[in-house]
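Visitor: Give me a 3D structure for the following:
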Amino acid sequence: METNRIENKNNGLENDRDLQFLLQGGDLLKVRSSSWKKTRYFRLMEDCKTMFRESKRTFKTSKTFLVDEISAVRMGRQSDGLRKNTEENVESRCFSIMFKGRRKNLDLIASSEDEARQWVDSLQKILSSINNLSTQAKMEHWIFSCLRKSDKNKDDKLSLSELKNFMHLINIEVDDDYAEILFEKCDKSNSGYLAGEEIKHFYDLLTHREEIDVIYGEYAKTSGFMSPQNLVDFLKKEQREDATLADAQNIIQKHEPDENGQYLM
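Guide: As a prediction, the model looks like this:
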């Protein structure tokens, strides 16, 4: 999806050897059980945030997952699945991709120890790069993730319904009629879908409002975010509300779903 232009493409790793290895990708043996081991092609997509996986069957199927969904990459037979379903003599060729939440591990076998180590080192490097992004870059990365989740059929285009889901994910509430007006304004191809720069234009129209920029310029004193105290000041001076610090914290907790924006609490 061309919306990766919202964020710096490869997080400061231009021409990096490990990044180039991931972009080229390669075949790995995926392990599910002692009798189920299938070759899959893995590579990092050009957005440098999404891993692509493709089967080798006649009727190929493909899947993707986000790099920031990974919690750890571990060399060797460290997972229960690899210890149970592989022999000790492949220890040095094995590695596992662990995911956040309840998603199952990806247990994999490379063709050699050097290749396995290259995969582990490369994935750990780009994962570390994403984790070390600036606060602004993390916010943009989170927005991209929400856009990707909203693209239900993964066709790199968003319908009006999918864009409404995106707005819900980033906690922006707008009138349906206004959303439709913005959609029609951005749908230059008259296709009923937005893609690439059309999506970026929609997002810009949705979020870049002069009156909001003025408010943030005056009250957001902490790296572009409103801290609870900043919000109290705004509510008292602009909204004439008798707000407390606890009130502000509750508002941020409810309306700022991104943990990068909540850390100031």
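
Visitor: State the three-state secondary structure for residue 102.
Guide: Secondary structure state of residue 102, per DSSP: H, G, I helix; E, B strand; the rest coil, is coil.

Visitor: Just give the number of residues close to it.
Guide: Residue 102 sits with 5 neighbouring residues when counted by other CB atoms under 10 Å. Yep, even glycine has a C-beta here, placed from its N, CA and C like the rest.

Visitor: go on, residue 47?
Guide: Neighbours around residue 47, by other CB under 10 Å: 18.

Visitor: List the neighbouring strands of the longest strand along the chain plus their orientation.
Guide: Ordering each strand of the chain by length in residues (DSSP state E) puts strand 37-44 first. Strand 37-44 pairs in its sheet with strand 26-31 (antiparallel), strand 50-55 (antiparallel), by DSSP bridges.

Visitor: residues making contact with the last one?
Guide: By CB atoms under 8 Å, 6 or more residues apart in numbering, the list of residues contacting strand 50-55 from outside reads 25, 38, 40-45, 60-67, 148.

Visitor: Please produce a ChimeraX select command covering the buried subset of the residues you listed.
Guide: Burial among the contacts of strand 50-55 is assessed by 16 or more other CB atoms under 10 Å; the matching ChimeraX selection reads:
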select :25,40,42,43,44,45,66,67,148
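
Visitor: May I see the buried residues of stretch 128-135?
Guide: 129-130, 133.

Visitor: a markdown table for those, including distance to residue 87?
Guide: A markdown table is the format used below for the buried residues of stretch 128-135 (distance: CB to CB, whole Å):
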| residue | distance to residue 87 |
| --- | --- |
| 129 | 34 |
| 130 | 34 |
| 133 | 40 |
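
Visitor: And those, which is closest to residue 161?
Guide: Checking the buried residues of stretch 128-135 against residue 161 with CB to CB, the nearest one is residue 130 at 29.4 Å.

Visitor: got a list of what the closest one touches?
Guide: 11, 49, 67-68, 141.

Visitor: run the last query once more with 10 Å
Guide: Neighbour list for residue 130: 11, 48-49, 66-68, 70, 137-138, 141 [criterion: CB atoms under 10 Å, 6 or more residues apart in numbering].

Visitor: Mind picking the two most distant members of those residues?
Guide: That would be 70 and 137, which, of the contacts of residue 130, are the farthest apart (CB to CB) at 17.7 Å.

Visitor: Mind checking which of the two has more residues around it?
Guide: Legend: neighbour count by other CB under 10 Å for residue 70 and residue 137, higher for residue 70 (20 against 17).

Visitor: any idea how far residue 137 is from residue 241?
Guide: Using CB to CB, to the nearest Å, one gets 33 Å for the distance from residue 241 to residue 137.

Visitor: Next: residue 103.
Guide: Distance from residue 103 to residue 137, by CB to CB: 25 Å.

Visitor: same deal with residue 235?
Guide: On the measure of CB to CB, residue 235 and residue 137 end up 29 Å apart.

Visitor: what does residue 198 give?
Guide: Distance from residue 198 to residue 137, by CB to CB: 23 Å.

Visitor: Kindly report the same for residue 163.
Guide: In terms of CB to CB, residue 163 sits 23 Å off from residue 137.
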